[in-house]
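Asks: Pasted the sequence and its predicted model underneath.
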Amino acid sequence: ARVLVWAFVLLCLCIYVFAVFAVQSMGQPLKDDPVMLESFGTLQRAMFTLFEVMTAEGWADLCRHAMKLTPVVWIFFVCYLSLTTFALMNVVTATMVE
């Protein structure tokens with residue numbers, strides 16, 4: 001049970017760090033765009049959006065929209081998805097199975 005708690009703490013920390021970066025790089029500079037403001041305008045919105053992205057819910061549409069405004073943003077989304085969905089969530093799953 002202790003390992004599972006630490007896995008969730010690591011997951012929350014990862015979401016927080018990426019959310020801070022997202023607000024600074026996408027939310028504030030692109031605040032004229034309503035989708036970016038709604039998704040990454042504040043830290044809380046960015047964390048919720050990244051939770052949705054982690055579950056692979058509509059991340060492609062959000063990424064495509066962000067790429068229209070900032071073409072290199074795909075690197076952010078691919079790194080985030082690789083770290084959270086493929087790495088950290090597998091640790092959580094392995095801990096629950098064990």
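Replies: Noted; the coordinates are in hand.

Asks: When you work out contacts or count neighbours from here on, use the C-alpha atoms and nothing else.
Replies: Will do.

Asks: so which helix or strand takes in Ala56?
Replies: Assigned by DSSP states H and E, Ala56 belongs to no helix or strand.

Asks: what stretches of this protein score poorly on pLDDT?
Replies: For the chain, applying pLDDT under 70 flags no range at all.

Asks: Roughly how far does Cys12 sit from Leu83?
Replies: 12 Å (C-alpha to C-alpha, to the nearest Å).

Asks: got it, and Val72?
Replies: Computed with C-alpha to C-alpha, the distance linking Val72 and Leu83 is 18 Å.

Asks: So for the two, which sits in the more crowded spot?
Replies: Taking other C-alpha atoms under 10 Å, Val72 and Leu83 do not tie; Leu83 has more neighbours (15 against 11).

Asks: Could you double-check that Val92 lies in contact with Val5?
Replies: No. With contact defined as C-alpha atoms under 8 Å, Val92 does not count as touching Val5 (9.2 Å).

Asks: which of those two has more neighbours?
Replies: More crowded of Val92 and Val5, by other C-alpha under 10 Å: Val92, with 18 against 12.
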